[in-house]
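sequence and predicted structure are below.
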Amino acid sequence: MNYYTQLLNYTTVMYKMSKLSFMQFVFLFIGIFVLAFKTPGAQSIGVCYGRNGNNLPNAQATINLFRANGIGRMRLYDPVQPVLQALRGSNIELILDVPNTQLRSLQNPAAARTWVRDNVQNYIPGVRFRYIAVGNEVDPNNGGTSQYVNLVLPAMRNIHDAIVAAGLQNQIKVSTATYSGLTSGFPPSQGAFRDNVKGFIEPIIRFLAQNNLPLLANIYPYFSYLGTPQGDLQYALFTAPNVVVTDSVGNRQYRNLFDALLDTLYSAVERSGGPNIEIVVSESGWPSSGGTEASAQNAGTYYRNLINHVRQNGTPKRQGRPIETYLFAMYDENLKGGAETEKHFGLFNPTNQQPKYQLRF
């Protein structure tokens with residue numbers, strides 16, 4: 001018996017035991033049903049569907065795995081048609097990326113309208129699009145992505161205009177996915193964008209603020225931990241027994257590195273003209289192999305604690321609501337480049353689709 005059947009049965013018993021009229025009971029049931037959907041943390045966890053592997057299950061098997069595990073949100077890094085087809089009717093909410101390599105073509109407004117038509121409108125209402133991420137981790141100081149710096153904002157504008165022209169602006173939000181490496185400052189209240197990225201990111205922040213759009217951000221305590229000599233592993237894994245950092249601004253106390261990184265980014269966004277912008281954590285994860293402190297035990301601890309944490313009451317700076325978060329990633333990706341750890345962020349074994357960790361989504 002599923003949750004909603006139980007809810008119906010329970011309220012029917014309530015009706016039989018009450019002295020309410022039928023119409024009063026109907027309004028009561030609607031109220032209970034709405035509250036059930038608004039339970040704090042409901043559907044706050046998503047998983048990124050990276051596809052850099054030659055041993056991955058097909059699209060339909062992957063969608064089935066999402067649904068079997070109660071994973072209600074997905075990030076997809078490019079508009080792969082078989083995946084979009086498999087998502088039809090699944091009720092999974094989607095972040096769909098515009099890959100960096102497609103940004104140049106979207107400098108043309110007509111091309112942006114075509115992209116939205118082909119990859120979004122053609123799949124509505126069957127697919128539940130939530131965000132379009134125009135570019136991923138573009139950084140003026142990164143030789144691999146610096147070529148795209150001047151392309152991100154015009155492409156965002158054109159995609160946003162195409163979404164508006166399609167009448168979908170109340171359903172789908174346009175953004176870009178950045179990462180915490182663009183910021184500096186300590187404690188978190190002193191967070192600011194680095195001087196050599198301000199010219200790139202601050203116009204994007206203003207655009208998001210003007211259009212009431214969120215910022216997507218990839219937050220990885222693992223990499224921050226690696227970059228800190230004598231780093232505190234418990235602080236990175238959400239297992240620190242005591243407060244590690246106290247920020248004198250607001251007397252905010254930090255027991256985990258994830259909150260500190262996220263609040264540092266919030267401070268930077270506020271300083272750049274986006275005081276009301278919401279940050280969606282579009283990636284976060286921990287590798288199970290291939291490098292320092294990359295183990296199944298640490299990864300399982302991180303994922304379990306992250307899930308529990310983001311379902312709670314936000315960060316010290318932004319309290320009172322869950323943090324929309326997407327775990328990286330669904331599978332280990334044996335063809336992914338970079339350090340060996342990059343291949344070992346999966347939550348599920350791609351060959352047999354069995355979970356690597358016991359997680360409750």
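Thanks, I have the structure now.

what are the buried residues along stretch 195-214?
Using 16 or more other CB atoms under 10 Å as the test for burial, stretch 195-214 gives 197-198, 200-202, 204-205, 207-209, 213-214. Just so you know, the C-beta spots here come from the backbone N, C-alpha and C atoms, and that holds for glycine as well.

please disregard the earlier target; I meant stretch 51-67.
51-53, 56-57, 59, 62-63, 65-66.

again with stretch 178-189
Applying 16+ other CB under 10 Å to stretch 178-189 flags 178-183, 187-189 as buried.

which one of the buried residues of stretch 195-214 is nearest E93?
Each of those was checked against E93 using CB to CB; the closest is P214, at 13.6 Å.

residues contacting the closest one?
By CB atoms under 8 Å, 6 or more residues apart in numbering, the residues touching P214 are 131, 173, 175, 208, 277-280.

switch the cut-off to 7 Å
The contact partners of P214, by CB atoms under 7 Å, 6 or more residues apart in numbering, come to 173, 175, 277-280.

quick one, phi psi at it?
phi -80, psi 170 (degrees, to the nearest 10).

excluding chain neighbours, what is closest to it?
Leaving out its chain neighbours, the residue that sits closest to P214 by CB to CB, 6 or more residues apart in numbering is E278, at 4.5 Å.

now the one you found: phi and psi?
phi -90, psi 140.

what is the subsequent helix or strand relative to the helix or strand containing L306?
Here L306, judged by DSSP states H and E, is contained in helix 296-310. Using DSSP H and E, the helix or strand that follows helix 296-310 towards the C-terminus is strand 325-327.

for that next one, packing partners?
The contact analysis (3 or more CB pairs under 7 Å, 6 or more residues apart in numbering; DSSP states H and E) places strand 325-327 against strand 45-49, strand 279-284, helix 296-310.

ok, 6 Å please
Counting contacts by 3 or more CB pairs under 6 Å, 6 or more residues apart in numbering; DSSP states H and E, strand 325-327 packs against strand 45-49.

can you list contacts of the strand it packs on?
71, 73-76, 283, 307, 326-330, 361 (CB atoms under 6 Å, 6 or more residues apart in numbering).

domains for this protein, by residue range?
Following automatic domain parsing, one finds the domains of the chain at 1-38, 44-343.

put together CSV for those, with distance to P355 and mean pLDDT on each row.
Below are these laid out as CSV (distance: least, CB to CB, whole Å; pLDDT from 0 to 100):
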stretch, distance to P355, mean pLDDT
domain 1-38, 22, 46
domain 44-343, 8, 97
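
out of these, which one sits most buried?
Comparing the domains of the chain by mean neighbour count (mean count of other CB atoms under 10 Å), domain 44-343 ranks first with a mean of 19.

and it, end to end?
End-to-end span of domain 44-343 (CA to CA, to the nearest Å): 25 Å.

okay, stretch 221-231 in CSV with CA atoms only?
Provided in CSV are the C-alpha atoms of stretch 221-231 (Å, rounded to 0.1, in the frame of the first residue of the first chain):
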residue,chain,number,x,y,z
PRO,A,221,34.1,19.6,0.5
TYR,A,222,36.3,16.7,-0.7
PHE,A,223,38.3,19.0,-3.0
SER,A,224,38.4,21.8,-0.4
TYR,A,225,39.7,19.3,2.2
LEU,A,226,42.5,18.2,-0.2
GLY,A,227,43.5,21.8,-0.7
THR,A,228,43.8,22.5,3.0
PRO,A,229,47.1,21.3,4.7
GLN,A,230,46.2,19.3,7.7
GLY,A,231,42.5,19.5,6.8
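
which residues does it contact?
Counting by CB under 6 Å, 6+ apart, 236, 257-258, 286 sit against stretch 221-231.

out of the residues you listed, which one sits closest to G143?
Nearest to G143 among the contacts of stretch 221-231, with distances taken as CB to CB, is W286, at 26.3 Å.

doesn't Q297 make contact with that closest one?
No: counting by CB atoms under 6 Å, W286 sits too far from Q297 to count as a contact (10.3 Å).

give the residues shared as contacts by those two.
Common neighbours of W286 and Q297 are not found (criterion: CB under 6 Å, 6+ apart).

adding distance to Y357 as columns, could you present the domains of the chain in JSON lines?
Formatted as JSON lines, the domains of the chain follow (distance: least, CB to CB, whole Å):
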{"stretch": "domain 1-38", "distance to Y357": "24"}
{"stretch": "domain 44-343", "distance to Y357": "4"}
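
which among those domains is found nearest to K356?
domain 44-343 (6.4 Å).

for the helix holding L306, give me every contacting residue.
45, 237-238, 286, 288, 322-323, 325, 357, 359.

could those be laid out in a markdown table, adding distance to Y225?
Formatted as a markdown table, the contacts of helix 296-310 follow (distance: CB to CB, whole Å):
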| residue | distance to Y225 |
| --- | --- |
| I45 | 22 |
| L237 | 9 |
| F238 | 12 |
| W286 | 9 |
| S288 | 15 |
| P322 | 24 |
| I323 | 19 |
| T325 | 18 |
| Y357 | 19 |
| L359 | 21 |
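
what's the most distant pair in those residues?
Maximum distance among the contacts of helix 296-310 (CB to CB): 25.6 Å, for S288 and P322.

hang on, the earlier thing: need the buried residues of stretch 51-67 in JSON lines (columns: distance to I92 and secondary structure).
Listed next are these as JSON lines, based on distance: CB to CB, whole Å; DSSP: H, G, I helix; E, B strand; the rest coil:
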{"residue": "R51", "distance to I92": "16", "secondary structure": "coil"}
{"residue": "N52", "distance to I92": "21", "secondary structure": "coil"}
{"residue": "G53", "distance to I92": "20", "secondary structure": "coil"}
{"residue": "L56", "distance to I92": "17", "secondary structure": "coil"}
{"residue": "P57", "distance to I92": "16", "secondary structure": "coil"}
{"residue": "A59", "distance to I92": "12", "secondary structure": "helix"}
{"residue": "T62", "distance to I92": "10", "secondary structure": "helix"}
{"residue": "I63", "distance to I92": "7", "secondary structure": "helix"}
{"residue": "L65", "distance to I92": "11", "secondary structure": "helix"}
{"residue": "F66", "distance to I92": "6", "secondary structure": "helix"}
